[in-house]
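Novice: coordinates only, sequence not included:
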């Protein structure tokens, strides 16, 4: 894959992959594991900057994941979610207190403003996810979920009543009343 020029892209910025329409060039032996590891040809990518760079050119199309440059598009495999939330903190927003999430690849998202939260089954287990760019999602790491679970309050949403979180004025149902 030709990555020339991508090294100039700052970590905090995102290249305009949504504007690129390169031809499909085949499959790449790259797997994003369910635990957040990026594995290329059987070996874990150990350079965080490389993983972050690849994450910036990740694209979801027809339930398949691709790395996209202006001239190439290669398919990769994703076991669960391509992103993993590893940190969180409370911040103050115009809409009130909000949870700020940070992913393993240094994406920063505010729950209720930049992303939403839901529970979904994966491998016979209910897991928390947040929405990401281009229709992708991030798994909320277990340690992060336990941390935010200490802030669960009664909520009511269109899905029903139960307990969940309130962030930036939005209610998120995590467990419905029976």
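Specialist: Happy to help now that I have it. Remember, predicted model here, so these are calculated numbers, not experimental data.
Novice: start from the N-terminal end of the chain and give the helices.
Specialist: 48-56, 142-149 (DSSP state H).
Novice: quick check: which of the ones you listed is buried the most?
Specialist: helix 48-56 (a mean of 18; mean count of other C-beta atoms under 10 Å). Using the backbone N, CA and C atoms, a C-beta is placed for each residue, glycine as well.
Novice: show me how this protein divides into domains.
Specialist: The record's domain parsing of the chain by automatic domain parsing lists 6-78, 83-176.
Novice: dump the helices of the chain to JSON lines, plus distance to residue 117.
Specialist: Converted to JSON lines, the helices of the chain look like this (distance: least, C-beta to C-beta, whole Å):
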{"stretch": "helix 48-56", "distance to residue 117": "20"}
{"stretch": "helix 142-149", "distance to residue 117": "9"}
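Novice: what's the separation between the residue nearest the centre of the chain and residue 43?
Specialist: The residue lying closest to the centre of the chain (C-alpha atoms, centre = their mean) is residue 138, at 2.7 Å. As judged by C-beta to C-beta, to the nearest Å, residue 138 and residue 43 stand 24 Å apart.
Novice: now do residue 18
Specialist: 31 Å.
Novice: kindly report the same for residue 82.
Specialist: For residue 82 relative to residue 43 (C-beta to C-beta), the value is 18 Å.
Novice: which one of these two is surrounded by more residues?
Specialist: residue 82 (22 against 8; other C-beta atoms under 10 Å).
Novice: I'd say residue 20 and residue 68 touch.
Specialist: Yes. Counting by C-beta atoms under 8 Å, residue 20 touches residue 68, with 5.5 Å between them.
Novice: those two - which one has more neighbours?
Specialist: residue 68 (20 against 15).
Novice: residues in contact with that one?
Specialist: 17, 20, 22, 57, 58, 59 (C-beta atoms under 8 Å, 6 or more residues apart in numbering).
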